[in-house]
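A.B. asks: predicted model, plus sequence, below.
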Amino acid sequence: MKIIAYSYTDPLIDSSFEPGDWGWDVDRVYLDLGQRLQLQQLFADCKAEPASYLLIRRLEELGDTVKEVSDRLNELEAMDIVVIATEQPYTSEKGNLRAELLKLLQEIQRQQRSRRIRQGHARNRLETSPPPGKPPYGYRRSKDKYIIDRSTSPVVKDFFEQFLLYGSLRGAVRYLAKKYGKKISVTTGRRWLTNPVYRGNTAYKDDEIISNTHSPIISQEEAAQVDRLLRRNSRLPSRTASAPRSLAGLVVCAECQSHMTVTRVTQHRQDKEYLYLRPISCPQSPKCRAIAYEKVLDKTITKVCQDLPLAVAGMNFPQLDAIKNSLGEAIARQQEILTQLPALVETGVLDAETAKLRTYKLRTEISALQAKLATLPPVNLRSVAQAVSIPQFWLDLSESERRFYFREFIRQIEIVRQATDWNLQIIFIF
């Protein structure tokens, strides 16, 4: 008894198939990639020496149309070969072939229609054409790429600039509504900030990204800064990213481990207000006392100027440089392979479709490496730390500007209470 197996894989839409355990002791496996040359060989071999059983995952792998599938099943039946579909309820025992095939006919038609649609989308990906659907706000769709809409792109550009300036998503959303009358939700604003299209990239299925497919609205440097701000804001309590006070969301009471909120106190018939930092949910009895906001701010500035240069000096910059160099070399290797593909097509080593598929995979790998590179800290961190370690730098900033810079460097500020006084412990991000 001879048992053979056959598998067909379309490189455009299918993941590569690794011959594994078919559940039978298989004498030979025929594998096709893109074309069914091995299927033709299978029929030729069976005419010379018929097999008893043919294992196949799904009947659709025998052809691109229902007619092709049916004709090949008839040919296999004529050679007395029993076809077993391992992923479908089908076994072509004698007399049952037509009944089972009619049951699966509708499913086969639906699957093949779906595959043709997916193949069309896959070919568009190889040409780096935009995916189906409405283009993002700020862009229009041309024949083969996104193009900037000059009437709406300034709104998007202004939104990004506002976010980069103040680091507040809700603030940028309110800014759009006030200046342009463009009302978007905070969720939509977050999607704008992370949308690859605004960075000149195109995203496809499974979050695969191809870089530099069209003109961007923000630069790579601005995109990297946006990502750093989003990661920074994700560590803060809800809604504090847009709070007006620079210490909001950063201060924690070391005694009760409660976050501290900024409260405002006014006196009757007086315009002057007093700001305090008070624990939000202190379990102590008596509760931890509130502390004047200005005192905490002054001590924070003093501690930052003292401790930030020391913290940056303790960073392992050689290791960071090694990581950047490694990523840069990996990108260069992939780009070098890209430049070699046209010559391989000209010499006939690769056909045009295989070259396009390889190009697509290389470009997605390059985009992933570039994304990793963008998440690393800037190389000029040491010089920046020296510049912001001057007290006057902080005193000249507004509260919203101080909020931006504090959150670039500070993860948390702990108030350490003592018998009659208190002190600060600053935990930096790096």
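C.D. replies: On my side now, so go ahead.

A.B. asks: which stretches of the stretch 201-350 of the chain form helices?
C.D. replies: Assigned by DSSP state H, counting those that start in this stretch, the stretch 201-350 of the chain shows helices spanning 220-234, 293-313, 317-346.

A.B. asks: ok, and for the last one, which residues are buried?
C.D. replies: Applying a neighbour-count criterion of 16 or more other C-beta atoms under 10 Å, the buried positions in helix 317-346 are 327, 330-331, 334, 341. For the C-beta atoms, the positions are set from N, CA and C on the backbone; glycine is no exception.

A.B. asks: rounded mean pLDDT for that helix, please.
C.D. replies: The pLDDT scores in helix 317-346 average 88.

A.B. asks: next: the shortest one.
C.D. replies: Per-residue pLDDT values across helix 220-234 average out to 86.

A.B. asks: can you tell me what sits against that helix?
C.D. replies: Defining contact as C-beta atoms under 8 Å, 6 or more residues apart in numbering, one finds that helix 220-234 is touched by 160, 163-164, 167, 169, 190, 193-194, 198-199, 218, 241, 374-375, 407-408, 429.

A.B. asks: of these, buried ones?
C.D. replies: The buried subset of the contacts of helix 220-234 (16+ other C-beta under 10 Å) comprises 160, 163-164, 167, 169, 193, 198-199, 218, 241, 374, 407-408.

A.B. asks: how about the buried residues of helix 317-346, which pair is most distant?
C.D. replies: Using C-beta to C-beta, the pair of those lying farthest apart is 327 and 341, separated by 22.2 Å.

A.B. asks: thinking again about what came up before, can I get the buried ones among the contacts of helix 220-234 in a markdown table with distance to residue 275 and secondary structure?
C.D. replies: Putting the buried ones among the contacts of helix 220-234 into a markdown table (distance: C-beta to C-beta, whole Å; DSSP: H, G, I helix; E, B strand; the rest coil) gives the following:
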| residue | distance to residue 275 | secondary structure |
| --- | --- | --- |
| 160 | 31 | helix |
| 163 | 26 | helix |
| 164 | 27 | helix |
| 167 | 21 | coil |
| 169 | 24 | helix |
| 193 | 30 | helix |
| 198 | 37 | helix |
| 199 | 39 | helix |
| 218 | 35 | coil |
| 241 | 19 | helix |
| 374 | 37 | helix |
| 407 | 19 | helix |
| 408 | 23 | helix |
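
A.B. asks: geometric centre of this structure: which residue is closest?
C.D. replies: For the chain, the residue sitting closest to the mean C-alpha position, by C-alpha atoms, centre = their mean, is residue 207 at 5.8 Å.

A.B. asks: roughly how far does it sit from residue 285?
C.D. replies: Distance from residue 207 to residue 285, counting by C-beta to C-beta, to the nearest Å: 50 Å.

A.B. asks: now residue 148
C.D. replies: 61 Å.

A.B. asks: and if you look at residue 77?
C.D. replies: In terms of C-beta to C-beta, residue 77 sits 85 Å off from residue 285.

A.B. asks: other SSEs contacting the helix or strand residue 392 falls within?
C.D. replies: Per DSSP states H and E, residue 392 falls inside helix 391-395. Applying 3 or more C-beta pairs under 8 Å, 6 or more residues apart in numbering; DSSP states H and E, one finds that helix 391-395 makes contact with helix 293-313.

A.B. asks: list the contacts of the helix it packs on.
C.D. replies: With C-beta under 8 Å, 6+ apart as the test, helix 293-313 has contacts from 245-247, 251, 262, 275-277, 381-382, 385-386, 388-391, 394-395, 406, 409-410, 413, 415, 423-424, 426, 428, 430.

A.B. asks: next: stretch 264-282.
C.D. replies: 245, 247, 251, 253, 256, 258-263, 287-288, 290-294, 296, 415.

A.B. asks: run the last query once more with 10 Å
C.D. replies: For stretch 264-282, the surrounding residues in contact (C-beta atoms under 10 Å, 6 or more residues apart in numbering) are 237, 245, 247-248, 251-253, 255-263, 287-297, 413, 415.

A.B. asks: show me how far it is from its chain's centre.
C.D. replies: 43 Å (C-alpha atoms, centre = their mean, to the nearest Å).

A.B. asks: extract the C-alpha set from it and format it as CSV.
C.D. replies: Once non-C-alpha atoms are left out, stretch 264-282 reads as follows in CSV (Å, rounded to 0.1, in the frame of the first residue of the first chain):
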residue,chain,number,x,y,z
ARG,A,264,-6.4,75.0,45.0
VAL,A,265,-7.4,77.1,48.0
THR,A,266,-8.8,80.6,48.0
GLN,A,267,-9.8,83.0,50.7
HIS,A,268,-13.2,84.7,50.9
ARG,A,269,-13.3,87.9,48.8
GLN,A,270,-9.7,87.7,47.8
ASP,A,271,-8.2,86.9,44.4
LYS,A,272,-5.1,85.2,45.6
GLU,A,273,-5.0,81.4,45.5
TYR,A,274,-2.9,78.9,47.3
LEU,A,275,-1.8,75.5,45.8
TYR,A,276,-1.1,72.4,47.8
LEU,A,277,-0.2,68.8,47.0
ARG,A,278,-2.5,66.4,48.9
PRO,A,279,-2.6,62.6,49.0
ILE,A,280,-5.5,61.3,47.0
SER,A,281,-6.2,58.2,49.1
CYS,A,282,-4.2,58.2,52.2
